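Colleague: model this:
(chains A and B)
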Amino acid sequence: ETGVTQSPTHLIKTRGQQVTLRCSSQSGHNTVSWYQQALGQGPQFIFQYYREEENGRGNFPPRFSGLQFPNYSSELNVNALELDDSALYLCASSVDRAHEQYFGPGTRLTVT
Amino acid sequence: GQQLNQSPQSMFIQEGEDVSMNCTSSSIFNTWLWYKQDPGEGPVLLIALYKAGELTSNGRLTAQFGITRKDSFLNISASIPSDVGIYFCAGQNTGTASKLTFGTGTRLQVTL
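Modeller: Numbers count the residues shown, from 1 in each chain, chains lettered A, B, ... in the order given. Predicted coordinates for the structure are as follows:
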């Protein structure tokens, strides 16, 4: 059984640019949640996708957007990057918005 | 965003010692989860708790769901070097978006 995978592993962008991060959910999981983890802190919920629809959103501005595809993989898009967007972006998948979320290895984004 | 309070913030222990850490919230959760995160990796699920008062074990790990539903505890018995890492608690209320609200983390270091 394949776990949650994310790409790319690392990314360096310039302030004002746009970025797309990708996530493949664990086999049999139809829900994907995205989290932002700043250095030294716990992950913060960005949003969740269930059956290709946004299913809840944390306290993040609209320049953070996402998609979920029919195979349940997902993308996180961030427009107009700011220095504070530098963080580890984590994707987690789960079965039908159930309790247990399983995380991928994350994408480390650095904005200069 | 909201973060749950974890204590201690960090701890140094000797191999073979038992470890206790806790997590408190100002609001109620109906599920508590404990994760371990190694540097540069995503959190790994250790234990999930679904019922107030529940005590659940996973090998040398034992976790409890507090009676008030506002706290949870994690114990590690007979620590070994690979227990090193950051331990996060996470509270969850299943519903429209079963987001995880994470704690501030407890950094565990084990000396030989």
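
Colleague: from here on, just use CA atoms for contacts and neighbour counts.
Modeller: OK.

Colleague: dihedrals phi and psi, whatever residue of chain A ends up closest to chain B?
Modeller: Nearest residue of chain A to chain B, counting by Cα to the nearest Cα: A:Pro105, 4.2 Å away. When read as degrees, to the nearest 10, the backbone of A:Pro105 gives phi -80, psi -10.

Colleague: pretty sure it contacts B:Glu41?
Modeller: Yes - A:Pro105 is within contact range of B:Glu41, at 4.8 Å (criterion: Cα atoms under 8 Å).

Colleague: show the pLDDT at the residue in chain B that chain A sits nearest to.
Modeller: Using Cα to the nearest Cα, the single residue of chain B nearest to chain A is B:Gly42, 4.2 Å away. If you check B:Gly42, the pLDDT there is 96.

Colleague: now for the nearest residue to it once chain neighbours are set aside: which residues touch it?
Modeller: Of all residues not flanking B:Gly42 in the chain, A:Pro105 sits nearest, at 4.2 Å (Cα to Cα, 6 or more residues apart in numbering or on different chains). The contact partners of A:Pro105, by Cα atoms under 8 Å, 6 or more residues apart in numbering or on different chains, come to A:Val4, A:Thr5, A:Gln6, A:Leu90, B:Gly40, B:Glu41, B:Gly42, B:Pro43.

Colleague: tell me where the chain has strands.
Modeller: In the absence of a named chain, this looks at chain A. A:5-7, A:10-13, A:19-24, A:31-37, A:44-50, A:53-57, A:64-68, A:74-78, A:87-94, A:102-103, A:107-111 (DSSP state E).

Colleague: ah, I was thinking of chain B
Modeller: B:5-7, B:10-14, B:19-24, B:31-37, B:44-49, B:55-58, B:61-65, B:71-76, B:85-92, B:100-102, B:106-111.

Colleague: single out the most deeply packed of these.
Modeller: Scoring these by mean neighbour count under mean count of other Cα atoms under 10 Å in any protein chain shown gives strand B:85-92 as the most buried, with a mean of 26.

Colleague: so is that one next to chain A?
Modeller: Yes - using Cα under 8 Å from any Cα of the partner chain, we find that strand B:85-92 touches chain A at B:Phe88, B:Gln92.
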